[in-house]
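Build me a structure from this.
(one chain, ligands or ions: 1)
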Amino acid sequence: MINLVLFGPPGAGKGTQAAFLSRAYKLIHLSTGDILREEIAADTPIGQTAKDIICRGELVPDSMVIDLIQEKLDKNPRANGFLFDGFPRTVPQAEALDTLLIHYGRSVSAMLSLEVEKEELIARLMNRGTTSGRDDDSNHSIIENRIEIYNQKTAPLISYYRNAGKYESINGTGTIEEITSRLKALIEKLPQDRKSR
Ligand code: AMP
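Prediction:
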């Protein structure tokens, strides 16, 4: 059993790598961004609240994403493990995730942090915006805002997981295949005691 947090700023490649890793290790891929976009598409009350916040490049309330993740954990009690993508994004979310996982007799095995320079992130997001149809990817000032919020609210999670002995840094530049290989090499080297719950 293995539970991974795939971490990094917007545009670091979390979604792309999460798709490969979840398949390779038979993990349930939980992307709060994807879940929120599904809620918006279905025009649910959660989607209606989240829509404008996401368009501005800000974070939705912690309680909203924590409840969504709890629901997914509840629905998959026998999962081999989970791959969290875009969650947690704040320290309270990380604390809530730890508490939720304890409830299921699980724990985070590792936080895999994809490191990419800011200029490259902006270029990747602007490029993604031409094909993804995502409003929050096509506007330079919204992208800047997302990176700024990442630095303020999300980057502190590096210390959180480092203090827990679970922080692993990965070079997030290169080809998709190169980055996948780096991630797999790291996952395969994780000590057994961190993979057992
Ligand atoms: P993403 O697809 O991960 O880039 O997420 C798109 C947007 O959804 C973010 O810019 C936030 O507005 C919102 N979002 C996704 N995950 C979270 C989270 N864990 N906490 C707060 N907001 C989130």
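
Send me stretch 97-116 as PDB with only the CA atoms.
Provided in PDB are the C-alpha atoms of stretch 97-116 (Å, rounded to 0.1, in the frame of the first residue of the first chain):
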ATOM      1  CA  LEU A  97      -5.300  14.700   5.300                       C
ATOM      2  CA  ASP A  98      -3.100  13.100   8.000                       C
ATOM      3  CA  THR A  99      -6.100  12.900  10.300                       C
ATOM      4  CA  LEU A 100      -8.300  11.400   7.600                       C
ATOM      5  CA  LEU A 101      -5.600   8.800   6.700                       C
ATOM      6  CA  ILE A 102      -5.100   7.800  10.300                       C
ATOM      7  CA  HIS A 103      -8.900   7.100  10.400                       C
ATOM      8  CA  TYR A 104      -8.400   4.600   7.600                       C
ATOM      9  CA  GLY A 105      -5.200   3.100   9.100                       C
ATOM     10  CA  ARG A 106      -3.100   4.700   6.300                       C
ATOM     11  CA  SER A 107      -0.500   7.400   6.100                       C
ATOM     12  CA  VAL A 108       1.300   9.500   3.500                       C
ATOM     13  CA  SER A 109       4.300   7.500   2.200                       C
ATOM     14  CA  ALA A 110       6.000  10.400   0.500                       C
ATOM     15  CA  MET A 111       5.500  13.900  -0.900                       C
ATOM     16  CA  LEU A 112       7.100  14.000  -4.300                       C
ATOM     17  CA  SER A 113       7.900  17.700  -5.200                       C
ATOM     18  CA  LEU A 114       8.400  18.500  -8.800                       C
ATOM     19  CA  GLU A 115      10.800  21.500  -9.100                       C
ATOM     20  CA  VAL A 116      10.500  23.800 -12.100                       C
END
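
Residues of the chain that sit close to the ligand?
Within the chain, the positions adjacent to the ligand are 10, 32-33, 36, 53-54, 57-60, 65, 86-87, 89, 93, 136, 146 by Cβ under 6 Å from any ligand atom. All C-beta atoms are positioned from the backbone trio N, CA, C, and that covers glycine.

Mind checking which of those are buried?
Among the residues of the chain next to the ligand, those classed as buried by 16 or more other Cβ atoms under 10 Å are 10, 32-33, 36, 54, 57, 59-60, 65, 86-87, 89, 93, 136, 146.

give the contact list for the residue nearest to Met1 when sequence neighbours are not counted.
Excluding the flanking residues, the one nearest Met1 by Cβ to Cβ, 6 or more residues apart in numbering is Gly81, at 5.0 Å. By Cβ atoms under 8 Å, 6 or more residues apart in numbering, the residues touching Gly81 are 1-4, 25-28, 106, 109.

filter the residues you listed to the buried ones?
2-4, 25, 27-28, 106, 109.

Next, the buried residues of stretch 42-55.
Across stretch 42-55, burial judged by 16+ other Cβ under 10 Å covers 46-47, 49-51, 54.
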